[in-house]
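1. got a structure for you, letters missing:
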């Protein structure tokens with residue numbers, strides 16, 4: 001076997017999302033993990049959302065995504081978690097399919113949390129969430 005003998009180093013990151021931030025997650029995705037540096041990329045291994053229900057559930061765009069900045073395909077999705085009508089914990093599911101010519105793992109870009117297509121809507125909702133991500137930084141200089 002050729003190449004460096006390196007041990008995998010998993011790291012954990014958390015981000016707390018307020019209701020105001022959730023309501024703007026498409027227009028303003030939030031960074032969970034900063035860019036790792038030249039010739040390196042972030043690979044998500046596991047992620048969960050701890051959703052705390054408020055007054056009302058979010059009505060549209062209720063899926064959270066973890067996506068590398070400038071990529072066109074998310075690394076993982078947490079489907080309909082924002083539509084919860086009670087507090088709950090939910091796991092992100094990895095997205096393994098990338099279209100021909102698409103991108104998912106991008107060198108020296110941060111990892112963000114967002115919702116697809118448009119901002120969520122709600123009528124007076126005040127739910128909050130914590131997103132926990134286990135990831136590793138892959139160094140392409142081997």
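-> Okay, I see it. Predicted, not measured: the structure shown is a model, and the values here were computed from it. Residues are numbered from 1 along each chain as shown.
2. from here on, just use CA atoms for contacts and neighbour counts.
-> Will do.
3. for the helix or strand encompassing residue 11, give the mean pLDDT please.
-> For residue 11, the host element (DSSP states H and E) is strand 10-17. In this model, strand 10-17 has a mean pLDDT of 98.
4. mind listing residues that contact the worst-scoring helix or strand of the chain on mean pLDDT?
-> Every helix and strand in the chain was compared by mean pLDDT, DSSP states H and E; the lowest is helix 19-22, with a mean of 94. With CA atoms under 8 Å, 6 or more residues apart in numbering as the contact definition, helix 19-22 has outside contacts at 28, 119-120, 125-128.
5. which of the residues you listed lies closest to residue 34?
-> The shortest distance between residue 34 and any of the contacts of helix 19-22, using CA to CA, involves residue 28 and amounts to 15.5 Å.
6. what's the burial count for the closest one?
-> 15 (other CA atoms under 10 Å).
7. next one: residue 72
-> For residue 72, using other CA under 10 Å, the count is 16.
8. wait, what's in contact with it?
-> For residue 72, the contacting residues are 102-104, by CA under 8 Å, 6+ apart.
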